[in-house]
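Chemist: Provided below for reference: sequence and predicted model.
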Amino acid sequence: MIEYQKKIQNIAERLLNEKKVDVVLGFKKGTIPMMNQPCLVRVPDETQKLVWDSNCGINLTNYLTNRKERIGIIAKGCDTRNIVTHIVENKIKREQLVIIGVPCTGMIDKAKINGLMVNEIAEVSEHNQEITITDSRGATKTIQKKEVLQSNCSICKYKNPVIYDELVADLVPESKDIDRYEDIRKIESMASSEKFKFFEDMLSTCIRCYACRNACPLCYCPTCFVDESKPQWLGKGMDPIDIRTFHFLRAYHCAGRCTDCGSCERACPMDITVRQFTKKLEKDCVELFGWEAGLTLDKRPPLDHYKTNDPQSFIK
């Protein structure tokens, strides 16, 4: 995807020159490998610092909330689905945006790549669908990109932008016959005691840094429930019950809204697979309501409005 970079820079420069936007939201090179940084470009001369490669996994929709400017945003498939949700939930207006759509072949998982080398990673480059890793001692290794994709990217159904004003390249083929919920069905088949132990072990390393919440484009409440003091919903310490309450409630707040962009897992310093929660609720929304988040501006999420024919088999 690195070949998209020049086209992105040219589009951004044109939009700023023509004063169609006040700012372009994209990525610049990070200070360490595999960590590109979100950036705002306000003048045409600065568009050359915009980059695009397989290290642009952060969901830029997170930076749109309640902004007032006219914004050009560089967006891959999952980003555009979150942009749709932002528009539907009145966090940004459609007319404020010029969406620069990027067909995506997936983002790489820095944890997987770090695990391939003994020494510190010095550089990661890509060509076509190959990733070349160079460590601090000059040793190199070249692998296929598909071997180190983020887990959400490996089962992604919407690689292409679902909404856009400019497109930087031809649309890429969408994946077919993907089983998105194989891992979820395994958990569903467990006995209650097994499930409790599974989630207890899964969350045992959580340090409550809230990186998952902060990275999530859906978590934009002015005051998060974990920070409320009147009433105080849960404590600030490391009590396992409080940790579980935080993760379960945050997941419920994302029900019918999550696009599985992977920002939560990407941000987690403890490598917790927090997508297990949101994917379960995604699966339920698909099966109960035939709903997938962020695909249309014409409908609201199923838990956001009432219909008389909603499934009610769970009510006794």
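Modeler: Perfect, I can see it now.
Chemist: What strand or helix carries L15?
Modeler: Using DSSP states H and E, the element containing L15 is helix 5-17.
Chemist: Next SSE downstream of that helix?
Modeler: strand 23-28.
Chemist: C-alpha coordinates for that next one, CSV please?
Modeler: Output of strand 23-28 as CSV, limited to C-alpha atoms (Å, rounded to 0.1, in the frame of the first residue of the first chain):
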residue,chain,number,x,y,z
VAL,A,23,-7.1,20.7,7.6
VAL,A,24,-6.2,17.2,6.4
LEU,A,25,-6.1,14.4,9.0
GLY,A,26,-3.7,11.6,8.2
PHE,A,27,-0.4,10.0,9.3
LYS,A,28,3.2,11.0,9.5
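Chemist: same for that strand, what does it pack against?
Modeler: With contacts defined as 3 or more C-beta pairs under 8 Å, 6 or more residues apart in numbering; DSSP states H and E, the packing partners of strand 23-28 are helix 5-17, strand 37-41, strand 71-75. Where you see a C-beta, it was placed from the backbone N, CA and C, and this is true even at glycine.
Chemist: Now mean neighbour count and mean pLDDT too, for these, in a markdown table please.
Modeler: Shown next, in a markdown table, are the helices and strands packed on strand 23-28 (neighbours: other C-beta atoms under 10 Å; pLDDT from 0 to 100):
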| stretch | mean neighbour count | mean pLDDT |
| --- | --- | --- |
| helix 5-17 | 18 | 97 |
| strand 37-41 | 17 | 96 |
| strand 71-75 | 25 | 98 |
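Chemist: could I get the ones you listed as JSON lines with distance to D165?
Modeler: What follows is the helices and strands packed on strand 23-28, written out as JSON lines (distance: least, C-beta to C-beta, whole Å):
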{"stretch": "helix 5-17", "distance to D165": "9"}
{"stretch": "strand 37-41", "distance to D165": "17"}
{"stretch": "strand 71-75", "distance to D165": "9"}
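Chemist: any idea how far the strand or helix carrying R266 is from the chain center?
Modeler: Element membership of R266 [criterion: DSSP H and E] is helix 263-267. Taking C-alpha atoms, centre = their mean, to the nearest Å, one finds helix 263-267 lying 7 Å from the centre of the chain it belongs to.
Chemist: and the next element down the chain from it?
Modeler: helix 275-289.
Chemist: phi, psi of M117?
Modeler: Here is the backbone geometry of M117 (degrees, to the nearest 10): phi -120, psi 140.
Chemist: Leaving out the residues flanking it, which one is nearest to it?
Modeler: Distances taken as C-beta to C-beta, 6 or more residues apart in numbering place D135 nearest to M117, at 4.7 Å, with adjacent residues excluded.
Chemist: and what of G26?
Modeler: I74 (4.2 Å).
Chemist: Hmm, the one you found is touching Q5, no?
Modeler: No - in terms of C-beta atoms under 8 Å, I74 does not count as a neighbour of Q5; the distance is 10.3 Å.
Chemist: Let me know the pLDDT of N128.
Modeler: What the model reports as pLDDT for N128 is 84.
Chemist: should've said N214
Modeler: pLDDT, N214: 94.
Chemist: In contact with it, which residues?
Modeler: Contacts for N214 (C-beta atoms under 8 Å, 6 or more residues apart in numbering) come out as A267.
Chemist: Strands of the protein, start to end?
Modeler: Along the chain, counting by DSSP state E, strands occupy 23-28, 37-41, 71-75, 97-101, 121-127, 130-135, 140-144, 166-167.
Chemist: So which of these is the most surrounded?
Modeler: Ranked by mean neighbour count, these are led by strand 71-75 with a mean of 25 (mean count of other C-beta atoms under 10 Å).
Chemist: what do I74 and Q5 both touch?
Modeler: Taking C-beta under 8 Å, 6+ apart as the criterion, I74 and Q5 both touch 50, 52.
Chemist: now N10: how far from R275?
Modeler: Remark: distance between N10 and R275 (C-beta to C-beta, to the nearest Å) = 35 Å.
Chemist: do the same with S136
Modeler: S136 is 31 Å from R275, by C-beta to C-beta.
Chemist: Of those two, which one has the most company?
Modeler: Ranked by neighbour count (other C-beta atoms under 10 Å), S136 and R275 place R275 first, with 24 against 12.
Chemist: Spatially nearest residue to the more buried one (excluding sequence neighbours)?
Modeler: In this structure, R275 finds its nearest non-sequential neighbour in E265, 5.5 Å apart by C-beta to C-beta, 6+ apart.
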